[in-house]
Structures are given as C-alpha cells and as structure tokens.
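K.L.:
only geometry, no sequence info:
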C-alpha cells in the first residue's frame, strides 16, 4: 500500500488540453506531464495545439535566437 497517493494538481474551473487523450478537460483529470494549461476557458483550451504551434513558430523565427556569433566569439 502506498503511503502517499499521487494526485493531479489543478482546480475545478481551470481548463486543460490533455495531450494523451487529445481533449479538453476541466480541473485536474490527468497528470500535469500530459497536459497544457491551465486556460481561462474551454474555448482557449480547445485551441491549445494551435497556440503551441504559433508560439513555436515565433520562437524558431526569432532573430535574437539565431544571432550570428560576434567577431570575438567562436561558434560551438
């Protein structure tokens, strides 16, 4: 018998997108490693994958991320 029961973290009224089940969930249904959120509404959570794609695109095309090394720096 386990001494400590693992519980998901979250509150009812918070919305999450479950990556395992590919669905929107309210409150702590799945472990945090399998979800995006919390979001303020079901609608926001339903667009979680789209939001993640947009943020990834912004990050990958950020000119600060792909700076050329300065003349006194050597690339890794």
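P.N.:
All right, it came through fine. All values derive from a computational prediction rather than experimental measurement.
K.L.:
just list the residues touching residue 49, thanks.
P.N.:
By CB atoms under 8 Å, 6 or more residues apart in numbering, the contact set of residue 49 is 17, 36. Bear in mind the C-beta positions are built from the backbone N, C-alpha and C, glycine included.
K.L.:
which residues does residue 16 bridge with?
P.N.:
residue 25 (DSSP bridges).
K.L.:
for residue 64, see how far away it is.
P.N.:
30 Å (CB to CB, to the nearest Å).
K.L.:
who has more neighbours out of the two?
P.N.:
residue 16 (24 against 5; other CB atoms under 10 Å).
K.L.:
what ranges does this protein have for its strands?
P.N.:
15-18, 23-26, 35-39 (DSSP state E).
K.L.:
what helices and strands are in contact with the last one?
P.N.:
Contact analysis of strand 35-39 by 3 or more CB pairs under 8 Å, 6 or more residues apart in numbering; DSSP states H and E lists strand 15-18, helix 42-46, helix 48-60 as its packing neighbours.
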